[in-house]
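> quick check, what structure comes out for this input:
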Amino acid sequence: MNAFGSALEILTLYAQRLIVEKHHRYALYHPSAEALASMLTDVPYKLANSFIFNLTLYFMVNLRRTPDAFFFFWFISLILTFTMSMLFRTIASVSRTLSQAMVSHSGCTEVVAALENSLTLYPLVSRLQQPSLSLLSSSSPALPSRLDICLVGAGG
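Residues are numbered from 1 along each chain as shown. This is a model prediction of the structure:
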């Protein structure tokens, strides 16, 4: 859940892009220094936001009430948040316009090309599948500790 909140970083980076480019032209600082500073200053916010959101969600859904299950849940969610944040930052830094960044991160161009073969859609959807399955298997009291899930289109 927290991982998709990082998609808003694309909008923030485009709002700051003109200022950063002007500072680069005036030789005040390099854009990579601004990117590193932005990532470092976002860490405390992401830690606090992730902890508060996941603490509320974890106990509201009534998952396994052991410390190791909760901290594993929080750790995987935090890793997903940082991973998706870096993915969206990369997309924003590589693309030239905001509309180009939004289309490339939504996957519309790949989905249109892959409609004939549903197996080619799996890499688009699977970014968050394995971490989500590990969260389910470690936190849900109703599920066994090991999930044997057949992938869609894998047959059987």
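
> what average pLDDT does stretch 16-35 get?
Averaged across stretch 16-35, pLDDT comes to 86.

> tell me which residues in the helix or strand hosting residue 71 are buried?
Using DSSP states H and E, residue 71 maps to helix 67-94. Using 16 or more other C-beta atoms under 10 Å as the test for burial, helix 67-94 gives 69-70, 72-74, 76-78, 80-82, 84-85, 87-89, 91-92. Placement of C-beta: from N, CA and C, glycine included.

> test my guess that residue 46 contacts residue 82.
Yes: counting by C-beta atoms under 8 Å, residue 82 is a contact partner of residue 46 at 7.0 Å.

> how about the helices in the protein?
Remark: helices assigned in the chain by DSSP state H are 2-5, 9-25, 31-60, 67-94, 98-106, 108-113, 122-125, 129-139.

> where among those helices is average confidence lowest?
Of all these, the minimum mean pLDDT falls on helix 108-113 (a mean of 46).

> returning to that earlier point: now the helix holding residue 71 and helix 9-25, what's the angle there?
If you take axes from the mean of the first three to the mean of the last three C-alpha atoms, to 10 degrees, helix 67-94 sits at 50 degrees to helix 9-25.

> what angle do helix 67-94 and helix 31-60 make?
150 degrees.

> for helix 67-94, packing partners?
In terms of contacts (3 or more C-beta pairs under 8 Å, 6 or more residues apart in numbering; DSSP states H and E), helix 67-94 is packed against helix 2-5, helix 9-25, helix 31-60, helix 98-106, helix 129-139.

> just say which of the ones you listed is most tucked in.
helix 2-5 (a mean of 17; mean count of other C-beta atoms under 10 Å).

> what does it rub up against?
Here helix 2-5 makes contact (C-beta atoms under 8 Å, 6 or more residues apart in numbering) with 46, 49-50, 53-54, 77-78, 80-81, 83-85, 128.
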